[in-house]
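**Student:** Take a look and give me a structure for this.
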Amino acid sequence: MNMQVAKNTVVTIDYHVTDPDGTVVDEGREPIVYLHGGYDDIFPKIEEALQGKKTGESVQVKLQPDEAFGDYDADLVQIEPREQFPKELQVGMQFEGGAEGDDDEDFIIYRVTDIADGKVVLDGNHPLAGMALVFTCTVTGVRNASEEEVGHGHVHGHGDDCA
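**Tutor:** You can find the predicted model right below:
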């Protein structure tokens, strides 16, 4: 039986992401498995495009920055003294930090983007922030979600998908 993507189905998609010029920004090595139906498990515009699709069908969705990882926020860039960091520091390393003036609930992942003159530049933006993205997705599986998954609003254990 070839089920359609609908509310409260668990959908598996193979995907890859490019920028508008066709440069690959995410190869999508692992499939995405998500609970369909407004659970914020996947970008809403992609969910909309997949509604009603069946296994084997593909969609291509262009997302503006505000529909994907958000606009680039210059306030999320911080410059810190080099001595606050471990000796083995290199560009690309990630650190958790709180958002300024925030209680400890929210933390941001900061990436080291530059090390120079005794200073370290940290960027809390998602690496794809500020970019328009083109998602190409192919549905590879659709099944009914369990009551528990619907209750929790997300998919449980990927190893136990029923065909």
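**Student:** Average pLDDT for the longest strand anywhere in the chain, rounded please.
**Tutor:** If you go by DSSP state E, the chain has its longest strand at strand 133-144. The pLDDT scores in strand 133-144 average 97.
**Student:** Quickly run through the sheet partners of it, with directions.
**Tutor:** Under the criterion DSSP bridges, strand 133-144 sits next to strand 9-18 (antiparallel), strand 58-63 (antiparallel) in its sheet.
**Student:** what's the following helix or strand after that strand?
**Tutor:** Going down the chain from strand 133-144, the next helix or strand is helix 147-152, by DSSP states H and E.
**Student:** quick one, phi psi at the closest residue to Val121 other than its chain neighbours?
**Tutor:** Of all residues not flanking Val121 in the chain, Asp114 sits nearest, at 3.9 Å (C-beta to C-beta, 6 or more residues apart in numbering). C-betas here are computed from N, CA, C, even on glycine. In terms of degrees, to the nearest 10, the main-chain angles of Asp114 are phi -160, psi 150.
**Student:** OK, contacts around Asp114?
**Tutor:** Contacts for Asp114 (C-beta atoms under 8 Å, 6 or more residues apart in numbering) come out as 91, 120-121.
**Student:** do the same with Glu149
**Tutor:** Applying C-beta under 8 Å, 6+ apart to Glu149 gives the contacts 10, 35, 155-156.
**Student:** Over to Phe43?
**Tutor:** Shown in contact with Phe43 (C-beta under 8 Å, 6+ apart): 61, 63, 67-68, 135.
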